[in-house]
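In: here is my input; please provide its structure:
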Amino acid sequence: MAWQPLFSVTVEHDFFSSPHKLCLFFSPDQKTEKLLRNANLLLRVSQNSIVVCFNSNDLDILESFRTSDENGLEFTFDVSTADSQFTCYTDLTQNNITPLYRNIHIAEEEVLASQGKIPLKETGAVSDKNIFIGGKLAIFRIIVSSEKKDIVQCKQYFIRFKSRETYWKYFFLGKVVGKEIEIIDLHGKVQFHCAGKQWLLPDVPATVFYADKRIPLRDWPEQHLQLRQKGSSGNKVLIKHLQNASTENLSKEMINGKEEYISAVYVNY
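Out: Residues are numbered from 1 along each chain as shown. Down below sits the predicted model:
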């Protein structure tokens, strides 16, 4: 048998330094399951992608399915995950909504295909209150057109999720409270301002700093932050590599009159 790819779909995420860290599940709907079985198609699944293949020796079978539907071959898959932290590090514009992605107009695809992978377009949504109970992230639908050349010309599609952006809020506890300290971004992209003291408990004060803008969450953050103490003879580095925000300790606060996501970081020094 000579298996050839019909199309592929890859899911990407800005949060991960490697796309293969995404552990996803792809589930065909009943119509797609039937099409895969009856058209003798092969489904290959990895941690973040699928490839649908056809046997070149059975091209006539695929041709018969293609010509029986004037709209072409339609494939629909659910994408889900068992990662309970997905909602923490992902920018979700609407809660309890499953986004629906489709491949775009064939003329546009021809241009994009020559440049590499083709983005699937978010064209709607499905209301689903249990979206993250079952871990459903998205639904995507691929239509292989009724043109024969679109069967033998494999197209590579992708869906990209964006990382959640949060204001980083540092709580400094211990002997450093009361000292004149500052957070320095060695890359010079983010500035932090001191918001004074807050009491985590009646007898536990903390010096608080806020970032001046939202920062995307990453599994390996790009920020290189230092904690320094100001002095008459120069600034002293207290912590050379200050820990970055993680997916934990996520909350909401009012920032500049707007409710924003906050990533709290607790540092005892």
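In: next structured bit after the lowest-mean-pLDDT helix or strand in the chain?
Out: Taking mean pLDDT, DSSP states H and E as the measure, the helix or strand of the chain with the lowest value is helix 106-113, at a mean of 58. As assigned by DSSP states H and E, the chain's next helix or strand after helix 106-113 is strand 118-119.
In: can you list the weak-confidence ranges in the chain?
Out: Along the chain, the model assigns pLDDT under 70 to residues 1, 66-72, 93-96, 104-116, 125-135, 146-152, 233-234.
In: repeat that with 80
Out: 1, 19-20, 58-72, 92-97, 104-116, 123-136, 145-153, 231-234 (pLDDT under 80).
In: ranges for the helices of it?
Out: Secondary structure of the chain (DSSP state H): helices located at 30-38, 59-68, 86-89, 106-113, 149-152.
In: what residues sit buried inside the first one?
Out: When neighbours are counted by 16 or more other C-beta atoms under 10 Å, the buried residues of helix 30-38 are found to be 32, 35. In short, each C-beta sits where N, CA and C put it, glycine included.
In: what angle do it and helix 59-68 make?
Out: Using axes from the mean of the first three to the mean of the last three C-alpha atoms, to 10 degrees, the direction of helix 30-38 lies 150 degrees away from that of helix 59-68.
In: name the helices or strands packed onto helix 30-38?
Out: Helix 30-38 sits against strand 73-81, with contacts defined as 3 or more C-beta pairs under 8 Å, 6 or more residues apart in numbering; DSSP states H and E.
In: export the strand it packs on to PDB, keeping only CA atoms.
Out: The C-alpha trace of strand 73-81 is given here as PDB (Å, rounded to 0.1, in the frame of the first residue of the first chain):
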ATOM      1  CA  LEU A  73     -15.400  15.600   1.600                       C
ATOM      2  CA  GLU A  74     -16.200  17.000   5.000                       C
ATOM      3  CA  PHE A  75     -14.300  16.000   8.200                       C
ATOM      4  CA  THR A  76     -15.200  17.200  11.700                       C
ATOM      5  CA  PHE A  77     -13.100  16.700  14.900                       C
ATOM      6  CA  ASP A  78     -13.400  17.700  18.500                       C
ATOM      7  CA  VAL A  79     -10.100  18.700  20.200                       C
ATOM      8  CA  SER A  80      -9.900  18.100  24.000                       C
ATOM      9  CA  THR A  81      -7.300  17.900  26.700                       C
END
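In: list the buried ones in it?
Out: Buried residues in strand 73-81 (16+ other C-beta under 10 Å): 73, 75, 76, 77, 78, 79, 80, 81.
In: and what of stretch 192-202?
Out: residue 192.
In: all strands of the stretch 51-200 of the chain, in order?
Out: Secondary structure of the stretch 51-200 of the chain, counting by DSSP state E, counting those that start in this stretch: strands at 73-81, 97-102, 118-119, 121-127, 136-144, 155-161, 165-173, 181-185, 192-201.
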